[in-house]
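> coords please:
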Amino acid sequence: KLYNSFERRPEWLDAARLGARFLRRHVFDDQGRCYFSLTREGLPSFYQRKPYGAGFVALGFWEFAKASGEEWYREKALELYARLSGWIANPALLGRPALSGGTASSNLADIYILASLALEIGDLEMLRKCLRDIRLHVDPATGLLHETATLDPSLRKSTPDARLICAGSIFEIYWILTRALRLL
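Next comes the predicted model:
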């Protein structure tokens, strides 16, 4: 990102190349999902059953492909981007079981990762969907964004997750909104 956005310094591209190649060799499991963290040697040390690691890998690969012209990274970023929606819609694909006591909900982090990639890739249709989905998270009484929005309005704020407000997420969504306004 530094190389593409600020200054084309060769040492920044060299550092990005080392990171991109390390991830290419080590970050994927046998089903194409991404480990959340790796050891220095490239061994998986944590597997999060959420899609965010893959979203960050896709963002990094997209930027590296722009900087280096290496098509494999662009194609892999687009593949991960396409798979993210499926993983968000069906967390069982990531090994996270669907539990009968759960409440149907929308997670702000899911919207954030998709919107971030949509902004970079230029997918205006997905960006518009994400902007509509953000509205589910706005508390009409306070105007604040909640981390989790129950899809049934009668259950609003019925769970601890649905009551959670995170200032960091509010800033992240604001950042997306200001960037989206330039495109739409």
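> center of the chain, which residue is that?
Ile113 (2.3 Å; CA atoms, centre = their mean).
> I'd say that one and Leu84 touch.
Yes: assessed by CB atoms under 8 Å, Ile113 is found in contact with Leu84 at 6.7 Å. Every residue, glycine included, has its C-beta placed from N, CA and C.
> now for those two: what residues contact both?
With contacts defined as CB atoms under 8 Å, 6 or more residues apart in numbering, the residues shared by Ile113 and Leu84 are 51, 55.
> give the contact list for Phe36.
Taking CB under 8 Å, 6+ apart as the test, what Phe36 contacts is 46-48, 52-53.
> tell me which residues in the longest helix anywhere in the chain are buried?
Criterion DSSP state H: the longest helix present in the chain is helix 71-89. For helix 71-89, the neighbour count (16 or more other CB atoms under 10 Å) marks 73-74, 76-78, 80-81, 83-84, 87-88 as buried.
> give me the helices and strands touching that helix, please.
On a contact count with 3 or more CB pairs under 8 Å, 6 or more residues apart in numbering; DSSP states H and E, helix 71-89 meets helix 10-26, helix 52-68, helix 108-121.
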